[in-house]
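Undergrad: I'd like to go over a predicted model; first the sequence, then the structure.
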Amino acid sequence: MRFLHCVHAEFLLVAPRLTRTRLGIALLALGTTLVWLGAHALDALTVTLQAGALGSIIGVAAIVGDETDRVGLTTALSHPTTPHAIAAGRWLAIVVPASALVLVCTTAIGWRTNLVFAGVLASAAVSGFGMALVLWLGRGAALAFFLFMAVAGTVPPERLVDIARPGIVRLAAASAMELGPALWHYRDIADGDPGAIVHALAWTGLGILTARWLISRSR
């Protein structure tokens, strides 16, 4: 119970972040852009997956990437806590707004339950991976991850590997899209593919555990 209390307390910091920082505005702008793209260029599944993934990365940058923002918030932790509780609480604080964005975008473009499920699982995986990445490399990694996910995240790695003499950079990118969280893989979640679901859940757990270790080291 103490662990859950600590996780809940860390999660509660999402409310002032959404209202007193640029996080809420950034998520609103992302949602508006994706809904517009859904009406003009992107298919519904891509919009839903991008909402979950890109919304999560924005949340990671705001919640994990800037430790000094707690100074400007009136709400602060006032209880003993653990690295595991901090990691789990932050992950939850990232996933919930991103999942809400998935719900809003899916409602705007046409509700389909399987798309929502895929978007939420993509958000969970990207949040875990992104949280560990930013804790390790800093806030700048969130921008690189955002651009990679927005531009190349939906591209199957076979398209890069099939290019003649692909080179080190293309092979590295293809390997990252094959092993790491990538939206081309999570498209199969909408069809109920067990492998894609396990892949997303595995990155969720691994990301939280890695973030816990990094937080423990920093303390």
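TA: Done, it's in.
Undergrad: which other helices and strands does the helix or strand encompassing residue 200 contact?
TA: Assigned by DSSP states H and E, residue 200 falls within helix 194-218. Applying 3 or more CB pairs under 8 Å, 6 or more residues apart in numbering; DSSP states H and E, one finds that helix 194-218 contacts helix 83-109, helix 113-137, helix 183-186. Where you see a C-beta, it was placed from the backbone N, CA and C, and this is true even at glycine.
Undergrad: contacts for that helix next, please.
TA: 64, 83-84, 86-88, 90-91, 121-122, 124-132, 135-136, 180-181, 185-189 (CB atoms under 8 Å, 6 or more residues apart in numbering).
Undergrad: now list the buried members of those.
TA: Buried by 16 or more other CB atoms under 10 Å: 64, 83-84, 86-88, 90-91, 121-122, 124-132, 135, 180-181, 185-187, 189, out of the contacts of helix 194-218.
Undergrad: okay, the residue nearest to residue 117 when sequence neighbours are not counted: pLDDT?
TA: Nearest residue to residue 117 in three dimensions, chain neighbours excluded: residue 189, at 6.5 Å (CB to CB, 6 or more residues apart in numbering). pLDDT recorded at residue 189 is 93.
Undergrad: same deal with residue 66?
TA: Per-residue pLDDT puts residue 66 at 64.
Undergrad: same check on residue 106?
TA: Note on residue 106: pLDDT of 94.
Undergrad: OK, contacts around it?
TA: 44, 47, 48, 51, 112, 115, 116, 119.
Undergrad: got it, and residue 94?
TA: Contacts for residue 94 (CB under 8 Å, 6+ apart) come out as 56, 59, 60, 63, 64, 123, 127, 130, 131.
Undergrad: which intervals of the protein have sub-threshold pLDDT?
TA: Low-confidence segments of the chain, defined by pLDDT under 70, are located at 66-80, 152-178, 218-219.
Undergrad: what residues sit buried inside the helix or strand hosting residue 5?
TA: Applying DSSP H and E as the criterion places residue 5 in helix 2-11. By 16+ other CB under 10 Å, the buried positions in helix 2-11 come out as 6, 7, 9, 10, 11.
Undergrad: now for the residues you listed: which two are most distant?
TA: 6 and 11 (9.6 Å; CB to CB).
Undergrad: joint contacts of those two?
TA: With CB under 8 Å, 6+ apart, residue 6 and residue 11 have common neighbours residue 89.
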